[in-house]
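Asks: Fold the following and give me the result.
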Amino acid sequence: MHKGIAHFQVGEKIDGYLLIKSVAKGVASNGKPFLTLQLGDHTGEMEAKLWDCNPDDETTFVSSTIIHVTGDIQEYRGKLQLKIKGIRPTTAMDHVKLADFLQCAPIDPEEMFAKITQYIFEMKNANLQRITRHLLKKHREAFLEIPAATKNHHEFVSGLAYHVVSMLDLAKALANLYPSLDTDLLYSGIILHDLGKVIELSGPVGTTYTVEGKLIGHISIMVNEIGQVANELAIEGEEVMVLQHLVLSHHSKGEWGSPKPPLIREAEILHMVDNIDAKMNMLDRAMERVKPGEFSEKLYAMDNRSFYKPTFSN
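Replies: Below you'll find the predicted structure:
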């Protein structure tokens, strides 16, 4: 398979290697079990159904397994789907390795870490700077590997760090327009807002939610950690509570997962910047496979809308 899965169109045939990113079991209307496979490579992913599967299939085709697959690309409910014709697990004879199938951030992780560190270095508020530096140092290794989510946006290796860097740059541009913003608070909130995902998510490959992630969630995890670090560093002051508020409110609404709505100017901007970067990442990646004059597949996280690429567009 010479081109990545993200570049296939309806009617084309696939014959090559793909990574099983996730698996869900189901039962068809005829009573027979099937597997829904999310297959991907370094360019993207696509859903496939393995019908009439048996117990051996369920133990063979599991998350993080590389397979050889043949099939046809079709459209189902506004999304591309692979109709499997042949599938088998790979062996050492196939000479394939996991790293070749993983999507990664377009910037080197160490370069991103250096950029984030520079933002922290420029903070003038010592309390915010110390808390932010301490937590980022504590979770450095996982932070540089973890995706920003299991699906929808920045769901690739080092996706969280890339998301944070993009948000910082966007916030800096906004702060130049609106100098009333407290950039120390805003940058600190951006760096920490999703850092709880290093505990909420299992890791960069076959990412799932941990028990702590399901029961507590990244927002509450990080609010607790900010409080603990403040105690460890003997930091007192309103900054601690306000920073916790930025983390608590960054999803904006209760139905979106935020215990509190943004009630501070920087909290409102943090939510907006987070939303802009997440949606642009979704849109950019979705539109990569769309030809001018055509619509994208339906994007679930964008209210199931299909987006049009104008004929004069790149």
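
Asks: What number of residues are in the vicinity of the residue lying closest to Glu288 once chain neighbours are set aside?
Replies: Computed as CB to CB, 6 or more residues apart in numbering, the closest residue to Glu288 that is not its neighbour in sequence is Ala6, at 6.1 Å. Glycine gets a C-beta too; all of them are placed from N, C-alpha and C. Look at Ala6: counted by other CB atoms under 10 Å, it has 18 neighbours.

Asks: Confirm for me that Ala6 is in contact with Leu39.
Replies: No - with contact defined as CB atoms under 8 Å, Ala6 does not count as touching Leu39 (11.5 Å).

Asks: For Ala149, give me its contacts.
Replies: Listed by CB atoms under 8 Å, 6 or more residues apart in numbering, the contact set of Ala149 reads Glu155, Gly159, Lys197.

Asks: Could you report the separation of it from Leu270?
Replies: The gap separating Ala149 from Leu270 is 17 Å, by CB to CB, to the nearest Å.

Asks: residues in contact with Pro109?
Replies: Leu144, Glu145, Ser158, Ala161.

Asks: Go through this structure and flag its longest strand.
Replies: If you go by DSSP state E, the chain has its longest strand at strand 13-27.

Asks: And it, what does it pack against?
Replies: strand 33-41, strand 66-76 (3 or more CB pairs under 8 Å, 6 or more residues apart in numbering; DSSP states H and E).

Asks: can you tell me the average pLDDT over the shortest one?
Replies: So the one you mean is strand 33-41. Averaging pLDDT along strand 33-41 gives 92.

Asks: Please work out the angle formed by the directions of it and strand 66-76.
Replies: Strand 33-41 and strand 66-76 meet at an angle of 100 degrees, taking axes from the mean of the first three to the mean of the last three CA atoms, to 10 degrees as the criterion.

Asks: buried stuff in strand 33-41?
Replies: Pro33, Phe34, Leu35, Leu37, Gln38, Leu39, Gly40, Asp41 (16 or more other CB atoms under 10 Å).

Asks: out of the contacts of Ala149, which is most surrounded?
Replies: Of those, with other CB under 10 Å as the count, Lys197 tops at 28 neighbours.

Asks: got a pLDDT number for that residue?
Replies: 94.

Asks: what sits against it?
Replies: Applying CB under 8 Å, 6+ apart, the residues contacting Lys197 are Ile146, Ala148, Ala149, Leu160, Gly213, His218.

Asks: mind running it again at 10 Å?
Replies: With contacts defined as CB atoms under 10 Å, 6 or more residues apart in numbering, Lys197 is in contact with 139, 142-143, 146-150, 159-160, 163, 207, 209-210, 213, 217-219, 221-222.

Asks: got it, and Ile131?
Replies: Contacts of Ile131 by CB under 10 Å, 6+ apart are 125, 188, 191-192, 225-227, 229-230, 232-233, 235, 239-240, 243.

Asks: Buried ones from those residues, can you make that a PyMOL selection?
Replies: Remark: buried members of the contacts of Ile131, expressed as a PyMOL selection using 16+ other CB under 10 Å:
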select buried, resi 125+188+191+192+225+226+229+230+235+239+240+243
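
Asks: quick one: which of the contacts of Ile131 is nearest to Glu111?
Replies: Ile191 (15.9 Å; CB to CB).

Asks: how near is Leu35 to Ile67?
Replies: 12 Å.

Asks: what do these two both touch?
Replies: Looking at what touches both Leu35 and Ile67 (by CB under 10 Å, 6+ apart), the common residues are Ile20, Ala48, Phe61, Ile84, Ile87.

Asks: Just the residues you listed: which are in strands?
Replies: Going by DSSP E, the strands hold Ile20, Ala48, Ile84, Ile87 from those.

Asks: what's the strand or helix carrying His245 packed up against?
Replies: Element membership of His245, judged by DSSP states H and E, is helix 238-249. For helix 238-249, the packing partners by 3 or more CB pairs under 10 Å, 6 or more residues apart in numbering; DSSP states H and E come out as helix 126-138, helix 183-192, helix 218-232, helix 265-287.

Asks: okay, the ones you listed, which one's buried deepest?
Replies: Of all the helices and strands packed on helix 238-249, helix 183-192 carries the top mean neighbour count, a mean of 26, counting by mean count of other CB atoms under 10 Å.

Asks: Great, nothing more from me.
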